[in-house]
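J.: I'd like to go over a predicted model; first the sequence, then the structure.
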Amino acid sequence: MAAITESNPPDPFHSHLVALLSIYELGPPSAPIPRYDGPSDWQTESILRSLTAMAQRMYTAEESLAAIKAADA
């Protein structure tokens, strides 16, 4: 794995991904998810679309699990 250096300016998409994953880690957001408005191409669009789909599936699964646990209680 390459060493992380601070000499390069931060990539805006990389910075957005770090923020987005941190928000998703906290659970369902209470505010809208920030939108990426930096340089974009088909790869960034694909990554963002996939992350959105994965987050929706994750939140749906968490809601389903909570409902199952509540029914068992």
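T.: Nice, I can see it. Nothing here was measured: the structure is a model prediction, and the numbers come from that model. Residues are numbered from 1 along each chain as shown.
J.: dump the residue contacts of residue 57.
T.: Shown in contact with residue 57 (CB atoms under 8 Å, 6 or more residues apart in numbering): no residues. The way it works is simple: take the backbone N, C-alpha and C, and place the C-beta from them, glycine included.
J.: same thing with residue 55?
T.: Contacts for residue 55 (CB under 8 Å, 6+ apart) come out as 24, 33.
J.: let's see that with 6 Å instead.
T.: residue 24 (CB atoms under 6 Å, 6 or more residues apart in numbering).
J.: and the pLDDT at it?
T.: pLDDT for residue 55: 91.
J.: could you say which helix or strand contains residue 57?
T.: Using DSSP states H and E, residue 57 sits within helix 42-72.
J.: so for stretch 47-66, what gets flagged as buried?
T.: Residues of stretch 47-66 classed as buried under the neighbour-count rule (16 or more other CB atoms under 10 Å) are 48, 55.
J.: distance of residue 29 relative to residue 56?
T.: 12 Å (CB to CB, to the nearest Å).
J.: where does this protein have low pLDDT?
T.: For the chain, applying pLDDT under 70 flags the ranges 1-7.
J.: measure how far stretch 55-65 is from the centre of its chain, please.
T.: Counting by CA atoms, centre = their mean, to the nearest Å, stretch 55-65 is centred 14 Å from the centre of its parent chain.
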